[in-house]
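Peer 1: give me a 3D structure for the following:
(4 chains)
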2 protein chains.
Amino acid sequence: MQFQQLAYFLAVAETRHFTRAAELSRVAQPSLSKQIRALEEDLGAPLFRRARGNITLTPAGEALLPLAQRILTDLETARREVQELAGMRRGRVRLGATPSLCAGLLADALAGFHGRFPGIELQVEESGSRDLIRALGKGELDLALIILPLQSSDPAFVTTPILRENLVVVSAAGAPSPAVDGASMRITELRDRPLVMFRRGYDVREATLHACRAAGFEPHLAVEGGEMDAVLRFVEAGLGIAVVPSMVLKNRPGLQGVPLARPRLLRTIALAHRKDVDPSHTAKAFRRHLMTYLTHLTRDELGEDLEVIAPLTA
Amino acid sequence: MQFQQLAYFLAVAETRHFTRAAELSRVAQPSLSKQIRALEEDLGAPLFRRARGNITLTPAGEALLPLAQRILTDLETARREVQELAGMRRGRVRLGATPSLCAGLLADALAGFHGRFPGIELQVEESGSRDLIRALGKGELDLALIILPLQSSDPAFVTTPILRENLVVVSAAGAPSPAVDGASMRITELRDRPLVMFRRGYDVREATLHACRAAGFEPHLAVEGGEMDAVLRFVEAGLGIAVVPSMVLKNRPGLQGVPLARPRLLRTIALAHRKDVDPSHTAKAFRRHLMTYLTHLTRDELGEDLEVIAPLTA
DNA sequence: GCATGCCCATAGCCTACGGCTATGGTCACC
DNA sequence: GGTGACCATAGCCGTAGGCTATGGGCATGC
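Peer 2: Numbers count the residues shown, from 1 in each chain, chains lettered A, B, ... in the order given. Prediction:
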């Protein structure tokens, strides 16, 4: 017997309807049917009489109903009490992250954390790595997701690399691919192409400009100064191409990305916190949650251009 | 969170010892460790302080303890109440089965059923198919596992084929294989070999003798009249070879079996009950349990010579 | 002081279970 | 008799939970 089966049982008992119970439980109807049947098998007795449009409880079902309710209530109570004692009932995590991360991976991770610890307030600050580090140093943030390497090699921070990401060249979906061979591009192919460029402060901006200069040319900027979303919209509108982190292309049908040929432009994303103060319980919990979330992502969800770095010991 | 995790938690809390808790819970120690860890992750708080030889509960663990106990108690109560109402709390299943089935598959199936419905008394009668059918007809049995075809083609019984089994030629493990090619034997190779034969009444006896006569010879019987166990021991002792159902060779290192070449000697095992009286709740439950037990056996557990026949609708 | 043993954690593998989509079958109602 | 509602069945897939083998830390003993 399992908690879920009891929950499904309650849902059917309340709605007197398998299909609606399945909707209520956020699962497909056959999944719920199967679990109810498994529960009945397990107990050795049918719990419902299945009549057309009129599902009713059998005596066995009637007997189970109050106990199932009580068990699930106790379960909730247990959750709450333990979290209360562990200081996870109320609290706050102040998290800093770069715009690309906020748009990409963070949403799901935050949603999962909120589901497990609904009492914890989540404050997200979206900014460039330098600003985030500054805020971290002033104690305005508990954790920050930043881009390595840090310009200020301040030893006051502990950084744990967690992701390695490929930068890609993005262009409007309708336009011909900017890649000569259609599959990948060299940095030098950016020469004389109109580039859409982020405002100062974005790590990607510095990385791109630096790579161009290292290749021996100064890029031609069509537009300059936008935030993440603006840059992508400018590219969609055909103003030029841009170099962006691969993950922001998720759910952007108006854009196509081409990876850079080796040597690629990689950026390493790290989790940072102050060395001198121990993170709060809530911050540690979020850190753990984020790490398990990342390591449990499938290769499919990650895509080609993203790689999780196994935490050394976390 | 899962019931098992709570049970493991209680075991550790009681024993203050992971290894002993694992023994108590009948699982490997790493499995228990992993589940405890998962529970801690789920709740967002450690439940135990792991000190050498001195495991103690954290405050969170202390808070969880009474609730976990209550939940598991409620779980047991729910089981009992539902089974009480479904008439599965007390009761009896009178089951007939042939000796080979009792020795082979039945033990595990019975154990599983008893685990789920501890209040149900299990009465097993071990006998030949003819006797079992007779007992079924007199109402002395609820269900019988018999060999098809029935000699008495009495329409008073419903039979459901559930297993098809190969008969094999068995010999002492040390002796040279009786098979000429070492892999399989023809019926005719039994001619002039000393056979150890069951007493009258065993279906296998009739099947073997019939097959020999159909092949045009009368077999030479070294010993005759034994029950299943005696026959196998005689073979082990080197008195001769015997034709037996494949499943009795399980856990018999002193014996080796060789399948018969095509046309093989197959026997079909069926579940029988009276047509005129509806089986009791308990009998139906056992029937269901047996069927799911069989269909969930792995190919590995079944072996080469045994095949489950999918029940038509059961 | 190193060897040994106890005991919990980690790693890696395998099966089974819970999820999904697609489809079937049955009843009610037009 | 056609149609729609609704639950069951079938078949596929990924992950969770089981196992064995091994690591690694802390005691204890010779």
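Peer 1: any residue of the host helix or strand of A:Ser31 touching DNA strand C?
Peer 2: Secondary structure from DSSP states H and E places A:Ser31 in helix A:29-43. Yes. Judged by C-beta under 7 Å from any atom of the strand, helix A:29-43 and DNA strand C are in contact via A:30-32, A:34-35, A:38. For every residue, glycine as well, the C-beta is placed using N, CA and C.
Peer 1: top of the residues you listed by neighbour count?
Peer 2: Greatest neighbour count in the residues of helix A:29-43 next to DNA strand C, by other C-beta atoms under 10 Å in any protein chain shown, goes to A:Leu32: 25 neighbours.
Peer 1: check that residue and give its pLDDT.
Peer 2: On the pLDDT scale, A:Leu32 is placed at 94.
Peer 1: could you name the helices and strands sitting against the biggest helix by length in chain A?
Peer 2: Across chain A, the longest stretch assigned as helix under DSSP state H is helix A:59-85. The helices and strands touching helix A:59-85, judged by 3 or more C-beta pairs under 8 Å, 6 or more residues apart in numbering or on different chains; DSSP states H and E, are helix A:3-15, helix B:29-43, helix B:59-85.
Peer 1: list the contacts of the closest residue to A:Leu306 other than its chain neighbours.
Peer 2: Of all residues not flanking A:Leu306 in the chain, A:Glu165 sits nearest, at 5.3 Å (C-beta to C-beta, 6 or more residues apart in numbering or on different chains). Residues in contact with A:Glu165, defined by C-beta atoms under 8 Å, 6 or more residues apart in numbering or on different chains, are A:245-247, A:266-269, A:305-307.
Peer 1: please apply the same query to A:Ala38.
Peer 2: Contact criterion C-beta under 8 Å, 6+ apart gives A:Gln5 as the residues in contact with A:Ala38.
Peer 1: now the strands for chain A?
Peer 2: Under the criterion DSSP state E, chain A contains strands at A:48-49, A:56-57, A:91-97, A:120-126, A:143-148, A:157-172, A:194-198, A:220-226, A:242-245, A:255-259, A:266-274, A:306-308.
Peer 1: check what pLDDT A:Ser25 gets.
Peer 2: 90.
Peer 1: and if you look at A:Arg287?
Peer 2: For A:Arg287, the model assigns a pLDDT of 86.
Peer 1: that one: neighbour count?
Peer 2: 21.
Peer 1: give me the residue from the stretch 151-300 of chain A nearest DNA strand C.
Peer 2: Nearest residue of the stretch 151-300 of chain A to DNA strand C (C-beta to the nearest atom of the strand) works out as A:Thr295 at 10.3 Å.
Peer 1: run a quick neighbour tally on that residue.
Peer 2: Other residues within reach of A:Thr295, judged by other C-beta under 10 Å, total 13.
Peer 1: and for it, nearest residue in space, chain neighbours not counted?
Peer 2: Nearest non-adjacent residue to A:Thr295, counting by C-beta to C-beta, 6+ apart: A:Val308, 6.0 Å away.
Peer 1: list the residues that contact the one you found.
Peer 2: With contacts taken as C-beta under 8 Å, 6+ apart, A:Val308 has the following neighbours: A:162-163, A:294-295, A:297, A:302.
Peer 1: pick the one among those residues closest to chain B.
Peer 2: Looking at the contacts of A:Val308 and their distance to chain B, the nearest is A:Thr295, at 12.4 Å (C-beta to the nearest C-beta).
Peer 1: which among the contacts of A:Glu165 end up buried?
Peer 2: Neighbour-count burial (16 or more other C-beta atoms under 10 Å in any protein chain shown) is assigned, among the contacts of A:Glu165, to A:245-247, A:267-269, A:305-306.
Peer 1: dump the residues you listed to TSV, plus pLDDT and distance to B:Ala283.
Peer 2: Rendered in TSV, the data for the buried ones among the contacts of A:Glu165 read as follows (pLDDT from 0 to 100; distance: C-beta to C-beta, whole Å):
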residue	pLDDT	distance to B:Ala283
A:Pro245	89	66
A:Ser246	84	63
A:Met247	81	61
A:Arg267	86	68
A:Thr268	86	67
A:Ile269	87	63
A:Asp305	76	62
A:Leu306	77	59
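Peer 1: can you lay out those as CSV showing distance to A:Arg287?
Peer 2: Rendered in CSV, the data for the buried ones among the contacts of A:Glu165 read as follows (distance: C-beta to C-beta, whole Å):
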residue, distance to A:Arg287
A:Pro245, 22
A:Ser246, 24
A:Met247, 20
A:Arg267, 20
A:Thr268, 17
A:Ile269, 14
A:Asp305, 24
A:Leu306, 19
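Peer 1: please identify which of those is nearest to chain B.
Peer 2: Nearest to chain B among the buried ones among the contacts of A:Glu165: A:Ile269, at 23.0 Å, using C-beta to the nearest C-beta.
Peer 1: distance of the closest one from A:Leu306?
Peer 2: Between A:Ile269 and A:Leu306 the computed distance is 9 Å (C-beta to C-beta, to the nearest Å).
Peer 1: what residues are shared contacts of the two?
Peer 2: Shared contacts of A:Ile269 and A:Leu306, defined by C-beta under 8 Å, 6+ apart, comprise A:163-165.
Peer 1: how long is stretch A:109-125 end to end?
Peer 2: Stretch A:109-125 has its terminal residues 15 Å apart, counting by C-alpha to C-alpha, to the nearest Å.
Peer 1: quick one: average pLDDT of it?
Peer 2: Summarised as a single mean, pLDDT over stretch A:109-125 is 84.
Peer 1: so that stretch, near chain B or not?
Peer 2: Yes. With C-beta under 8 Å from any C-beta of the partner chain as the criterion, chain B is reached by stretch A:109-125 at A:116-117.
Peer 1: buried stuff in that stretch?
Peer 2: Neighbour-count burial for stretch A:109-125, with 16+ other C-beta under 10 Å as criterion, is recorded at A:109-110, A:113, A:116-117, A:120, A:125.
Peer 1: show me the shaky parts of the stretch 1-150 of chain A.
Peer 2: Of all residues in the stretch 1-150 of chain A, those with pLDDT under 70 make up the ranges A:88-89, A:104.
Peer 1: now do 90
Peer 2: Applying pLDDT under 90 to the stretch 1-150 of chain A flags residues A:15, A:17, A:41-46, A:49-56, A:58-63, A:76-77, A:79-93, A:97-123, A:125-141, A:146-150.
Peer 1: what does it have sitting close to chain B?
Peer 2: For the stretch 1-150 of chain A, the contact set with chain B under C-beta under 8 Å from any C-beta comprises A:1-3, A:41-47, A:59-60, A:62-64, A:67-68, A:70-71, A:74-75, A:77-79, A:81-86, A:88, A:116-117.
Peer 1: then stretch A:236-246 to CSV, C-alphas only?
Peer 2: The C-alpha coordinates for stretch A:236-246 follow below in CSV (Å, rounded to 0.1, in the frame of the first residue of the first chain):
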residue,chain,number,x,y,z
GLU,A,236,14.2,37.6,-34.1
ALA,A,237,13.5,40.8,-35.9
GLY,A,238,16.5,40.3,-38.2
LEU,A,239,18.7,43.1,-36.8
GLY,A,240,21.6,40.8,-36.7
ILE,A,241,23.0,37.7,-35.0
ALA,A,242,24.2,37.4,-31.4
VAL,A,243,26.2,35.1,-29.2
VAL,A,244,24.2,33.9,-26.3
PRO,A,245,24.1,31.1,-23.7
SER,A,246,22.5,28.0,-25.3
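Peer 1: so how far is chain B from A:Val196?
Peer 2: Between A:Val196 and chain B the distance is 43 Å, computed by C-beta to the nearest C-beta, to the nearest Å.
Peer 1: and the gap between that residue and B:Glu301?
Peer 2: With distances taken as C-beta to C-beta, A:Val196 is found 64 Å from B:Glu301.
Peer 1: all set, thanks.
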